[in-house]
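In: generate coordinates for the sequence data below:
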Amino acid sequence: MTPFNLGTMEIAVIVVIAILAVGPVRVVQLIRSIQRLAAQARSLTGQLMSALQTEAGAVDDIKSTAAQTIQALQNLTRDVTGTVTGADSGINVLQATVRETRQALTGVKKDLAQASQQIEAGPEAESGDSTEEQPETEQSL
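Out: The predicted structure follows:
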């Protein structure tokens, strides 16, 4: 099989027609010109294939870099998610501590309010209570 899918008989017919149209001397020059053009076409095709292979290699490098970047971003996302989850649990612990502290302070506040009321009532309220307690202690003796 020859270039352009031409058989031997077809090429012979083309050569005969070229000889009749151009003349035998010019046919040789024409064939040489066609050979030079074919060689240049092969050279250009080789250069094009080389350039395409180089670009394909560059695309593969870009794909590899993109895959590595995606993997790094996924790892970073996992790390950030873990950090946020840890921070959330720390915040929950702090909130529980704040609630407990508020409850304790509320209890202390109530105790202080009661003590303040007793102090404001004066020693009379305390002495009345203490006199009642003293006879009981004396009776028990």
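In: what helix or strand does the residue most central in space within the chain sit in?
Out: Residue closest to the average C-alpha location in the chain (C-alpha atoms, centre = their mean): L73, at 3.2 Å. With elements taken from DSSP states H and E, the one containing L73 is helix 24-121.
In: what bits of this structure have low per-residue confidence?
Out: For the chain, the stretches with pLDDT under 70 are 1-4, 123-141.
In: swap in 90 and give it another go.
Out: Low-confidence segments of the chain (pLDDT under 90): 1-32, 34, 38, 81-94, 107, 109, 113, 115-141.
In: which helices and strands sit right next to the helix holding L73?
Out: On a contact count with 3 or more C-beta pairs under 8 Å, 6 or more residues apart in numbering; DSSP states H and E, helix 24-121 meets helix 8-22. Placement of C-beta: from N, CA and C, glycine included.
In: one more pass at 10 Å, please.
Out: Contacts defined by 3 or more C-beta pairs under 10 Å, 6 or more residues apart in numbering; DSSP states H and E place helix 24-121 against helix 8-22, helix 123-140.
In: helix 8-22 and that helix, what's the angle between them?
Out: 120 degrees (axes from the mean of the first three to the mean of the last three C-alpha atoms, to 10 degrees).
In: ok, T77 to S64 distance?
Out: T77 sits 20 Å away from S64, going by C-beta to C-beta, to the nearest Å.
In: er, I19 I mean
Out: Computed as C-beta to C-beta, the I19 to S64 distance reads 58 Å.
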